[in-house]
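Enquirer: sequence first, then the predicted structure:
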Amino acid sequence: MRYINGECNIVELFKALDSEPRLSIIRHLYQYPSLSMNELAEKLGVTHGAITGHIKTLAASNLIFVREEHSGRGTRKRLSLNRERIQVDLAGNIGNRIVREEKIPIGSFTKVEVKPPCGIASAESMIGTVDTPSSFSLSERNAAEILWIAGGFVEYAIPIPGELSGGLEKIEITMEISSEAPGTCEEWPSDISFIINGKDVGTWTSPGDYGAMQGQLNPPWWDVNWNQYGLQKRLSVTRDGTYMDDLRLSDCTVDEIVGPLSRSLSIRFAVPGNSKNPGGLTLFGEKFGNYPQPLAVRLYGG
């Protein structure tokens, strides 16, 4: 499920949907999962130029995906519908405000322990050697835009201003995430645990490691048989409990993990070896997958 909040994001989404031609494009892409620009124009009975602006608007709102397809006759654009469900938070966190927001590059982990198959890459090239855990220790890993591990964990840390630590209402983490299968596999469940400041706040089961379609942001050199994209997920630790999107994961509250003396927040993504579904983990940065964002952490106060 894709989560939309914030006035600007909601307005842009509704603007994109407030158009009969754009709704018609969505209906056709639902019926025909993958069309070129010319094929779509022909089905709509319009010219290629008549839909170009609408395609840009829909793609900017992540309602559709546009990828370039190379052939002997040149390059053409192929379109597909983003079939993730969308949740719109119209309340806009009334009563709370964002007091700190951190964008965390995928490669800026502070602790790591990985089990092959594994790998790490920047937008330009692989970092180190595939299936070699020591590649995660190379200095080039700071430029990473994707990483994958079969087991173990990666951990990130952000500071908490002293005046905020005792008054946090919610910690919210958004990410693009999937399992890690040999190659790819649409049905490859993986139990991924989220550990914040040493406290296990809950486990979510990733459905699969997606590769049936090419990730929209992936660089041209990226092998089509490797991890292509993930799901955009939102983990929230509140004073009521912990949730993944709207699914309650546990009774763990923000007060249990952040106290008056807390000055930092450690966030660990772990794949325990003794879990029921030890199917690995893939994290996508802003230049891989389908969503142009790194890990994002928001702290809310009253």
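Expert: Yep, it's here.
Enquirer: wait, what's in contact with His54?
Expert: Applying Cβ atoms under 8 Å, 6 or more residues apart in numbering, we find His54 in contact with Ser19, Pro21, Arg22, Ile25. For the C-beta atoms, the positions are set from N, CA and C on the backbone; glycine is no exception.
Enquirer: is it true that Gly53 lies in a helix?
Expert: Yes. Per DSSP: H, G, I helix; E, B strand; the rest coil, Gly53 lies within a helix segment.
Enquirer: now it: how far from Leu44?
Expert: Taking Cβ to Cβ, to the nearest Å as the measure, Gly53 and Leu44 are separated by 14 Å.
Enquirer: now Gln28, what are its backbone angles?
Expert: One correction, residue 28 is His, not Gln. Dihedral pair for His28: phi -70, psi -40, per degrees, to the nearest 10.
Enquirer: okay, now the unreliable bits of the stretch 151-300 of the chain?
Expert: In the predicted model of the stretch 151-300 of the chain, residues 162-166 satisfy pLDDT under 70.
Enquirer: how many other residues sit next to Ser134?
Expert: 9 (other Cβ atoms under 10 Å).
Enquirer: with the one 4 residues further on instead?
Expert: Neighbourhood size, Leu138 [other Cβ under 10 Å]: 15.
Enquirer: and it, what pLDDT?
Expert: Note on Leu138: pLDDT of 97.
Enquirer: spit out the contact partners of the closest residue to it other than its chain neighbours.
Expert: Sequence neighbours aside, Gly128 is the residue nearest to Leu138 in space, at 5.2 Å (criterion: Cβ to Cβ, 6 or more residues apart in numbering). Contact analysis of Gly128 by Cβ under 8 Å, 6+ apart lists Ile120, Ser134, Ser135, Phe136, Leu138, Glu140, Arg141.
Enquirer: switch the cut-off to 10 Å
Expert: Counting by Cβ atoms under 10 Å, 6 or more residues apart in numbering, Gly128 makes contact with Gly119, Ile120, Ala121, Ser134, Ser135, Phe136, Ser137, Leu138, Glu140, Arg141.
Enquirer: one more: Ile158?
Expert: By Cβ under 10 Å, 6+ apart, the contact set of Ile158 is 100-104, 108, 110, 264-267, 295, 297, 299.
Enquirer: how close does the residue sitting furthest away from the middle of the chain get to Val201?
Expert: Taking Cα atoms, centre = their mean, the residue of the chain most remote from its mean C-alpha position is Gly45, at 35.6 Å. Distance of Gly45 to Val201, computed by Cβ to Cβ: 52 Å.
Enquirer: what of His28?
Expert: To Val201, His28 is 42 Å away according to Cβ to Cβ.
Enquirer: more neighbours: those two, which one.
Expert: Val201 (27 against 16).
Enquirer: that one contacts Val258, doesn't it?
Expert: No. Counting by Cβ atoms under 10 Å, Val258 is not a contact partner of Val201; they are 11.3 Å apart.
Enquirer: overlap in contacts, the two.
Expert: Ile171, Val237.
Enquirer: quick one: contacts for the most centrally placed residue in the chain?
Expert: Among the residues of the chain, the one closest to the centroid is Glu176, at 1.3 Å (Cα atoms, centre = their mean). Shown in contact with Glu176 (Cβ under 10 Å, 6+ apart): 106, 146, 215, 217, 229-233, 282-286, 288-295.
Enquirer: sec struct for it, please.
Expert: Under three-state DSSP, Glu176 falls in the strand class.
Enquirer: what's opposite it in the beta bridge?
Expert: With DSSP bridges as the criterion, Glu176 is bridged to Gln232, Phe284.
Enquirer: what's the helix or strand for Trp148?
Expert: strand 146-149 (DSSP states H and E).
Enquirer: just checking: what are the partner strands of that strand?
Expert: In the sheet, strand 146-149 lines up against strand 119-121 (antiparallel), strand 281-284 (antiparallel) (DSSP bridges).
Enquirer: wait, which of those strands is closest to Asn197?
Expert: Nearest to Asn197, of all the strands paired with strand 146-149, is strand 281-284, at 19.5 Å by Cβ to Cβ.
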